[in-house]
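**Q** sharing a model prediction with you, sequence too.
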Amino acid sequence: GINAEYGVSTQSTGVVDGLDKYTSNIETTMNEGKKVQIAAYEAAIAEEKAAIESLSLAGDIFDIKRELVQIELEAEYRRRVKSVHTEVKKRLDYQVELENAKKAFIRDHIVSWLEQEVIASITPEQEEANINQCIASLALLAPQ
């Protein structure tokens, strides 16, 4: 009896120790898996928080992009207004030059015509009288 009990108790101690080591290994493995899962979930939570933050910034980014488009449109509008202003000014300057050229041509033509008419209207007697008058005026001005 004692040997049987001693044998069972010795063997049972070895079996118990073996089972304790086996369960301890299973528990360690499960704890490591649990830690890995917790770390993965924490990383996923951090990624979701970053995604939420980036979504809140997306509205700001969209507003900034919209403002940039408005600025580009304003710049293009101003460039076109300047271009139109330049072209209209060129055309108006051309019209002013054209009118000035017409006036100069008419003035020169009228002056030339008047000179010709005045010269043609002077008779030889008037010319001789005018020359005599000039000689008399010069004689009075000349010192004696």
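**A** In hand now; what should we look at? Numbers count the residues shown, from 1 in each chain.
**Q** residues near residue 141, how many?
**A** Neighbouring residues of residue 141 were enumerated by other Cβ atoms under 10 Å; the total is 7. Quick note: C-beta positions are derived from backbone N, CA and C, even for glycine.
**Q** what's the answer for residue 65, then?
**A** Number of residues near residue 65 (other Cβ under 10 Å) recorded here: 10.
**Q** now do stretch 114-131, average pLDDT.
**A** Stretch 114-131 shows a mean pLDDT of 89.
**Q** my bad, should have said stretch 16-28
**A** pLDDT averaged over stretch 16-28 gives 86.
**Q** where's that stretch relative to the chain centroid, distance-wise?
**A** Offset of stretch 16-28 from its chain centre (Cα atoms, centre = their mean, to the nearest Å): 72 Å.
**Q** buried sites along it?
**A** Residues of stretch 16-28 include none that count as buried (16 or more other Cβ atoms under 10 Å).
**Q** ok, residues contacting that stretch?
**A** Contacting residues not belonging to stretch 16-28 are not present [Cβ atoms under 8 Å, 6 or more residues apart in numbering].
**Q** helix, strand, or coil at residue 143?
**A** At residue 143 the chain is in coil, as set by DSSP: H, G, I helix; E, B strand; the rest coil.
**Q** and it, how many neighbours?
**A** By other Cβ under 10 Å, the burial measure for residue 143, its neighbour count, is 3.
**Q** gap between residue 31 and residue 40?
**A** 15 Å (Cβ to Cβ, to the nearest Å).
**Q** next one: residue 78
**A** Using Cβ to Cβ, we find residue 78 at a distance of 55 Å from residue 40.
**Q** where do the helices sit along this structure?
**A** 2-121, 124-141 (DSSP state H).
**Q** what does the last one rub up against?
**A** This means helix 124-141. So helix 124-141 is contacted by residue 122 (Cβ under 8 Å, 6+ apart).
**Q** relative to helix 2-121, how tilted is that helix?
**A** For helix 124-141 against helix 2-121, the angle between stretch directions is 100 degrees (axes from the mean of the first three to the mean of the last three Cα atoms, to 10 degrees).
**Q** kind regards, and thank you for your time.
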